[in-house]
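> this one's structure only:
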């Protein structure tokens, strides 16, 4: 087998392990999940798993690592290609491809909450969490700043402050989601109200024309 094929095989196997591990973390949460759970779910031996990841923490960080892997600009470009305005882009970034609030949360949110809250005194996790936060902040702030420069958004509030409020809202829902049922949490209703807050902050009216993305 050529080195190229071998490398492709390793990358594919790594992706399969991460996909299986994600389901494990969704089912068990971060603290209860074990490397044995991941081995069984991925149908891989202990040696096979440790060939790719040295610890459960390394597996979990790899799952969360899309933006941290330098793909921030790619993520922004991807959303931009499928958006008709900066408002549309912002909604798709927050709520996904549909761009509308619904009752679904990131299924990994409870595990992420465990990872960061329980490990809040761990220097590595704090640094990782800060980097992850700053990447999310940059993504939202860039969209809002471009919208303000284009004239689509009001400049009444600083773009970074609005971006921080978006992250605070999403993280707040994640905390509640770990403790409450969907019926009690009312994710869609809260998200719909938050969208109205954003409209007021950014000067978006129901009758305003969508700004073109440049």
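Noted; the coordinates are in hand. In this text, all values refer to a predicted model and were calculated from it rather than measured experimentally. Numbering: from 1, shown residues only.
> for this protein, what's the longest helix?
helix 3-32 (DSSP state H).
> Buried residues, that helix. List them.
By neighbour count on 16 or more other Cβ atoms under 10 Å, the buried set for helix 3-32 is 17, 18, 20, 21, 22, 24, 25, 29, 30. For the C-beta atoms, the positions are set from N, CA and C on the backbone; glycine is no exception.
> For those, give me a markdown table that also has distance to residue 105.
Shown next, in a markdown table, are the buried residues of helix 3-32 (distance: Cβ to Cβ, whole Å):
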| residue | distance to residue 105 |
| --- | --- |
| 17 | 24 |
| 18 | 20 |
| 20 | 21 |
| 21 | 19 |
| 22 | 15 |
| 24 | 18 |
| 25 | 14 |
| 29 | 14 |
| 30 | 16 |
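> so where do the helices sit in the chain?
3-32, 35-42, 46-50, 56-64, 72-81, 86-95, 109-118, 123-150, 159-177, 182-185, 187-202.
> mean pLDDT lowest for which of these?
Of all the helices of the chain, helix 72-81 carries the lowest average pLDDT, namely a mean of 70.
> coming back round to it: show me which pair in the buried residues of helix 3-32 is furthest apart.
Maximum pairwise distance among those (Cβ to Cβ): 18.7 Å, between 17 and 29.
> Pull the contacting residues for residue 129.
Counting by Cβ atoms under 8 Å, 6 or more residues apart in numbering, residue 129 makes contact with residue 116.
> where's it relative to residue 7, distance?
Using Cβ to Cβ, to the nearest Å, we find residue 129 at a distance of 31 Å from residue 7.
> tell me what the longest helix of the chain is packed against?
helix 35-42, helix 56-64, helix 109-118 (3 or more Cβ pairs under 8 Å, 6 or more residues apart in numbering; DSSP states H and E).
> how about those helices in a markdown table, adding mean neighbour count and distance to residue 203?
Supplementary listing: the helices and strands packed on helix 3-32 in a markdown table, determined by neighbours: other Cβ atoms under 10 Å; distance: least, Cβ to Cβ, whole Å:
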| stretch | mean neighbour count | distance to residue 203 |
| --- | --- | --- |
| helix 35-42 | 18 | 48 |
| helix 56-64 | 18 | 34 |
| helix 109-118 | 19 | 31 |
